[in-house]
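Novice: Make a model of this:
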Amino acid sequence: MRRYHVAKYIYFYNNSESSSARPPMVGRQKGHPMQSQNGNGRRAYRLISADSHVTEPGDLWTSRVDPKYRDRVPRMERFENGDAWIMEGVPRPIAFGFTVCAGNKPEDMRDWMFTEEMRSGGWDPKVRCQELDEDGVDAEVLFPNRPWQAVVANTDAEFHNAMVRAYNDWLSEYCSYAPHRLGGAAGIPNQGIREAITEVERVSEMPGLVSLNLSCYPHGDTTLQPEDDDLWRAIEQSGMPISIHIGLSNAMPYQLDARKLPGTVHFYDAPGRMLEIIFSGILDRFPKLKFVMTEVDCGWLPYFEEVADDNYMRHAKATLKDRQLARRPSEYMRDHFFFAFVTDTYGITNRHRIGVERMLWSNDYPHIVSDWPYSWKTIAAQFANVAVDEKSAMLSGNALRIYDRFLKASA
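Specialist: The predicted structure is shown next:
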């Protein structure tokens with residue numbers, strides 16, 4: 001059994017008023033613990049969400065792209081039932097209430113909502129920090145919401161790249177309000193490898209960005225190609241981790257159907273995606289790459305690693321004799337892949353089979369599955385029998401080790 005020293009996974013950031021004009025703390029009436037402070041006024045990172053979301057403002061793209069594109073970019077319009085995104089290539093308006101309704105009463109958890117019914121922290125970083133305080137969350141890694149997929153799926157290369165740059169610029173500005181708390185996952189363009197490399201190099205120097213969000217391979221589809229190597233080289237040089245949120249897709253967004261329980265299938269892409277990456281050899285060519293498989297949970301991982309190794313060994317001297325790996329699939333997975341979970345009590349119970357050091361807690365705020373503002377109550381139940389050092393690793397330490405730009409921002 002692998003054990004951890006608590007001190008290794010407790011980190012501190014500057015809590016002075018001069019640091020990013022931080023808003024005052026709100027009361028701790030929701031039942032989560034007070035954060036500890038030392039004599040120098042520095043608070044511990046006790047809880048980091050490895051998967052949370054912004055809510056893109058309706059004018060994000062219309063206010064930032066070249067005027068020639070403004071009739072084509074994602075934009076928000078008002079309808080009888082609520083506000084929705086209008087996106088090129090998507091035949092119907094896309095409502096997004098399920099992505100902003102955390103903390104609402106059950107009868108108010110619906111996809112069609114008006115903007116004024118939503119919490120404004122998704123687009124206002126000052127309010128967002130207050131929302132974090134209310135839930136007792138110290139920092140979070142921020143991913144996009146529904147309109148982003150229309151950017152990913154648009155195949156007009158010049159237009160696509162302009163939209164990606166606009167999003168990354170906005171995200172950096174948003175997170176720069178409190179970069180020790182708000183960490184953006186910058187989007188990687190997928191309509192040209194050279195353009196993707198240029199954007200990775202650009203965002204790696206921008207404040208508030210802690211990760212690179214891979215939604216589709218840079219050459220333009222979801223099947224890895226040898227020419228993508230130049231991007232992996234640039235990413236390795238940047239030192240930033242790669243986040244894959246649920247899975248890769250170059251399809252346009254669509255309206256969610258609650259009857260299909262969409263949150264139950266989030267791990268479908270991850271197993272095959274890991275094998276694709278492993279067998280491509282990029283982890284041998286670029287051994288410093290780290291992938292965070294986000295919102296896929298991890299209870300399934302021990303089974304998959306076992307059958308992946310078993311299948312590989314059965315084929316290694318036969319069909320795969322000319323494509324043998326340097327190590328077993330599970331060894332690549334353990335060294336290069338990490339997993340953000342939301343609700344995975346089974347995974348927590350089987351944490352030693354998974355590897356405590358690979359598990360990252362998240363609350364998916366402000367999506368419908370989030371327990372905001374009662375995350376600590378859920379944690380108390382799910383982690384009741386978990387050793388303090390292991391709990392600390394999963395709740396904050398692992399995230400700080402992988403997303404180390406939080407610490408650099410707080411220095």
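Novice: which residues of this protein score low on pLDDT?
Specialist: When residues are selected by pLDDT under 70, those of the chain lie in 1-43, 256.
Novice: and with 80 instead?
Specialist: 1-44, 254-265, 411 (pLDDT under 80).
Novice: and the residue positioned nearest the centre of it, helix, strand or coil?
Specialist: Ranked by distance to the mean C-alpha position of the chain (Cα atoms, centre = their mean), the top residue is residue 51 at 4.2 Å. Of the three states, residue 51 takes strand under DSSP: H, G, I helix; E, B strand; the rest coil.
Novice: Excluding covalently adjacent residues, which one is nearest to it?
Specialist: residue 362 (3.6 Å; Cβ to Cβ, 6 or more residues apart in numbering). For every residue, glycine as well, the C-beta is placed using N, CA and C.
Novice: distance of that neighbour from residue 332?
Specialist: Residue 362 sits 23 Å away from residue 332, going by Cβ to Cβ, to the nearest Å.
Novice: can you check residue 285 too?
Specialist: Residue 285 is 13 Å from residue 332, by Cβ to Cβ.
Novice: now residue 372
Specialist: With Cβ to Cβ as the criterion, residue 372 and residue 332 are 35 Å apart.
Novice: If you count surrounding residues, which of the two has more?
Specialist: Shown here are residue 372 and residue 332; by other Cβ atoms under 10 Å, residue 372 has more neighbours (24 against 21).
Novice: right, and the more buried one touches residue 131 too?
Specialist: Yes - checked against Cβ atoms under 8 Å, the pair residue 372 and residue 131 is within contact range at 7.3 Å.
Novice: what is in contact with these two at once?
Specialist: 365-366 (Cβ atoms under 8 Å, 6 or more residues apart in numbering).
Novice: Do a quick rundown of the strands in the stretch 101-250 of the chain.
Specialist: Along the stretch 101-250 of the chain, counting by DSSP state E, counting those that start in this stretch, strands occupy 139-143, 182-187, 209-213, 242-245.
Novice: Just send those strands back as a markdown table, with distance to residue 107 and mean neighbour count too.
Specialist: Converted to a markdown table, the strands of the stretch 101-250 of the chain look like this (distance: least, Cβ to Cβ, whole Å; neighbours: other Cβ atoms under 10 Å):
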| stretch | distance to residue 107 | mean neighbour count |
| --- | --- | --- |
| strand 139-143 | 27 | 28 |
| strand 182-187 | 31 | 27 |
| strand 209-213 | 33 | 25 |
| strand 242-245 | 29 | 24 |
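Novice: can you put the ones you listed in a markdown table and add distance to residue 356?
Specialist: What follows is those, written out as a markdown table (distance: least, Cβ to Cβ, whole Å):
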| stretch | distance to residue 356 |
| --- | --- |
| strand 139-143 | 19 |
| strand 182-187 | 22 |
| strand 209-213 | 21 |
| strand 242-245 | 20 |
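Novice: Specify the stretch among the ones you listed that is closest to residue 195.
Specialist: strand 182-187 (11.9 Å; Cβ to Cβ).
Novice: The closest one - contacts with which helices or strands?
Specialist: helix 125-135, strand 139-143, helix 147-153, helix 157-175, helix 193-203, strand 209-213 (3 or more Cβ pairs under 8 Å, 6 or more residues apart in numbering; DSSP states H and E).
Novice: Can you tell me, leaving aside adjacent residues, what's nearest to residue 391?
Specialist: residue 383 is the one closest to residue 391 (Cβ to Cβ, 6+ apart), at 4.9 Å.
Novice: what sits against that neighbour?
Specialist: Residue 383 makes contacts with 348, 391, 394-395, as judged by Cβ under 8 Å, 6+ apart.
Novice: and which of the residues you listed is nearest to residue 224?
Specialist: residue 394 (29.7 Å).
Novice: Tell me who's in contact with the closest residue to that closest one other than its chain neighbours.
Specialist: Excluding the flanking residues, the one nearest residue 394 by Cβ to Cβ, 6+ apart is residue 359, at 4.8 Å. Residue 359 makes contact with 298, 338-339, 341, 347-348, 351, 393-394, 398, according to Cβ under 8 Å, 6+ apart.
Novice: Pick the one among the residues you listed closest to residue 377.
Specialist: Among these, and counting by Cβ to Cβ, the member closest to residue 377 is residue 348, at 15.3 Å.
Novice: distance between the host helix or strand of that closest one and the chain's centre?
Specialist: In this assignment (DSSP states H and E), residue 348 forms part of helix 345-349. On the basis of Cα atoms, centre = their mean, to the nearest Å, helix 345-349 sits 20 Å off its chain's mean C-alpha point.
Novice: Please identify the buried residues of that helix?
Specialist: 347-348 (16 or more other Cβ atoms under 10 Å).
Novice: Only C-alpha atoms, please: export that helix in PDB.
Specialist: Output of helix 345-349 as PDB, limited to C-alpha atoms (Å, rounded to 0.1, in the frame of the first residue of the first chain):
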ATOM      1  CA  THR A 345     -17.400   6.300  -4.500                       C
ATOM      2  CA  TYR A 346     -16.400   3.000  -6.000                       C
ATOM      3  CA  GLY A 347     -13.200   4.500  -7.300                       C
ATOM      4  CA  ILE A 348     -12.400   6.100  -3.900                       C
ATOM      5  CA  THR A 349     -13.000   2.700  -2.200                       C
END
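Novice: I'd like the next helix or strand past that helix.
Specialist: The element immediately downstream of helix 345-349 (helix or strand, assigned by DSSP H and E) is helix 351-354.
Novice: Pull the number of nearby residues for residue 398.
Specialist: 26.
Novice: and it, what is it in contact with?
Specialist: Contacts of residue 398 by Cβ under 8 Å, 6+ apart are 9, 338, 356-360.
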